[in-house]
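1. I would like to see how this sequence folds:
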Amino acid sequence: MTTGLGPLVQVDAGELNIGFADVGPADGPAVLLLHGWPYDINSYAEVAPMLADAGHRVIVPHLRGYGTTTFRSAGSLRNGQQAVFALDAIALMDALGIGNAVVGGFDWGARTANILAAEWPERFRGHVSVSGYLIGSREANASPLPPHAELAWWYQYYFATERGRMGYAQYRNEFARLIWQTASPHWAFDDDTFDRSAASFDNPDHVDIVIHNYRWRLGLADGASEYDDLERRLAERPSIAVPTITLEGDANGAPHPDAAAYRAPFVGAYEHRVVTGGVGHNLPQEAPRAFADAVMDVDRAAAPSRSNGGGTHV
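-> Okay, here's the model as predicted:
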C-alpha cells in the first residue's frame, strides 16, 4: 500500500488559496476529508492511501487558518463561524470540477461534513462523521450546561478573554499537545507525529480563526451578514438524508454527545459504529482502517439508497 499524502497542491477557491492533498486516481469517485482543531491534514495520512488504493480520488484540504491555506485578500474578515468552512469546501469542489463526493470529518471537520450533507445533498452521495451530529447555533450555546459539562469546554471560555488569545498565540503548540493528550488519553503519539501537524499552526491566520470560531459560538464575535440565512437554517437542526455512518471512539476524552441524542436528524440510511481499543477523539489517525472502511461502506450504500428512496441501515 502507498503511504503518506504526498506533495500538496494549491488552488484559488472563493476567498482562499487552499492547500490540499490530492491522492489517488484523478478519475476515481471523489472523497473529501476534513480535519478538526487542533489537528491538520495529517490526521488522514493513513486513511487517504487506503481509499486511493481502493480506487478513490481523495481530497484533503487544510482548513482556513491551517497549513498552506491563505486568504487571497489581506482585508478579508478572518471568520471562523461554522458556515464558512462548508462554503470553503464547496468552493474547493467547484474549483476542482468535482460535482459529487463522499464527505467525512471529525471535530470541526465533522460539523462541516454535517452542514455539507444537510445543505448540499446533491453534491454529497455519502457522509461519515465522528461524534455524529454537531451542527450548532449561538442561540443553543447561550444556555448553560451543568458544571461538569462546562468544565470540559474550559478552553472555549479561556478563548473568550484577551488573556486566552495571547496565551494561545504564545503557547499554541503546548496548547495543542494538551488537547491531544486529554482528548485521546490512550493515543501514544510521538514527537514526530505531533510536530508534523503542529507546523500547520504556524499559519499567520491560525490564531485569529480559532479565537473567532469559539467566540462566535458564544455570541461574543459577529459573523458575516451574508451568511445569516444559512446560519438560520442551521440553527433549525436540518435533517441529513444522504447515507451516513457515524463513528465514536471508546476513549474519546473530548466533549461529545451521546449517540442516542443525535439519531433523529439522520433520516436516510444510517449506522452508528463504536471503535474500540482505546480510540480517542482523533479517530481517523488513531484508527485509520475503521475510518476508511466507513467511507467505503457508505459509498457502497449510496447507489442503492438513491434508487430505493433510502433506508434505515447502511
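
2. nearest residue to V298 in space, please, no chain neighbours.
-> Among residues not flanking V298 along the chain, G126 sits closest, at 3.8 Å (C-beta to C-beta, 6 or more residues apart in numbering). All C-beta spots, glycine's among them, are computed from the backbone N, C-alpha and C.

3. contacting residues around V207?
-> Applying C-beta atoms under 8 Å, 6 or more residues apart in numbering, we find V207 in contact with 165, 168-169, 172.

4. ok so, going back, in this structure the residue nearest to V298 contacts A302, no?
-> Yes. In this structure G126 lies within contact range of A302 using C-beta atoms under 8 Å: 4.6 Å.

5. more crowded one of the two?
-> The residue with more neighbours, out of G126 and A302, is G126; 30 against 22, by other C-beta atoms under 10 Å.

6. would that one count as being in a helix?
-> No. G126 is assigned strand when assessed by DSSP: H, G, I helix; E, B strand; the rest coil, not a helix.

7. that older thread, ok, the contacts of V207 vs R263, which is closest?
-> The shortest approach to R263 among the contacts of V207 belongs to Y168, at 34.8 Å (C-beta to C-beta).

8. other residues contacting stretch 16-23?
-> Contact partners of stretch 16-23, identified using C-beta under 8 Å, 6+ apart, comprise 5-6, 8-12, 41, 44, 48-49, 51-52, 57-62, 64, 67-72, 88, 91-92, 95.

9. and that stretch, what's buried?
-> For stretch 16-23, the neighbour count (16 or more other C-beta atoms under 10 Å) marks 16, 18-23 as buried.

10. all helices for the chain, in order.
-> Secondary structure of the chain (DSSP state H): helices at 47-53, 82-96, 108-119, 138-141, 147-152, 154-159, 162-170, 172-183, 191-198, 206-217, 228-235, 283-286, 288-308.

11. mind putting those in TSV, distance to V242 and mean pLDDT included?
-> Below are those laid out as TSV (distance: least, C-beta to C-beta, whole Å; pLDDT from 0 to 100):
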stretch	distance to V242	mean pLDDT
helix 47-53	18	97
helix 82-96	14	98
helix 108-119	5	98
helix 138-141	24	91
helix 147-152	30	94
helix 154-159	30	96
helix 162-170	35	98
helix 172-183	27	98
helix 191-198	29	97
helix 206-217	25	98
helix 228-235	16	97
helix 283-286	19	98
helix 288-308	7	83
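
12. make CSV out of those helices and add distance to A264.
-> What follows is the helices of the chain, written out as CSV (distance: least, C-beta to C-beta, whole Å):
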stretch, distance to A264
helix 47-53, 28
helix 82-96, 20
helix 108-119, 13
helix 138-141, 15
helix 147-152, 21
helix 154-159, 26
helix 162-170, 35
helix 172-183, 26
helix 191-198, 34
helix 206-217, 22
helix 228-235, 16
helix 283-286, 23
helix 288-308, 18
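
13. E271 is nearest to which of these?
-> helix 288-308 (7.9 Å).

14. now what about that closest one, what contacts it?
-> Residues outside helix 288-308 that contact it (C-beta under 8 Å, 6+ apart) are 29, 31, 44, 46-47, 50-51, 54, 56, 102, 104, 125-128, 130, 242-245, 247, 268-269, 271, 273, 275, 279, 283-284, 311, 314.

15. can I get the buried part of the residues you listed as one ChimeraX selection?
-> In ChimeraX syntax, the buried subset of the contacts of helix 288-308 is picked out as below (16+ other C-beta under 10 Å):
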select :29,31,44,46,47,50,51,54,56,102,104,125,126,127,128,130,242,243,244,245,247,268,269,271,273,275,279,283,284,314
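
16. hmm, who's touching stretch 255-267?
-> Stretch 255-267 is contacted from outside by 118, 131-134, 149, 152-153, 237-241, 244, 246, 248, 270, 272, 274, 281, 310, using C-beta under 8 Å, 6+ apart.

17. give me every residue that touches L247.
-> Residues near L247 by C-beta under 8 Å, 6+ apart: 128-131, 272-275, 283, 290-291, 294.

18. okay then, goodbye and thanks.
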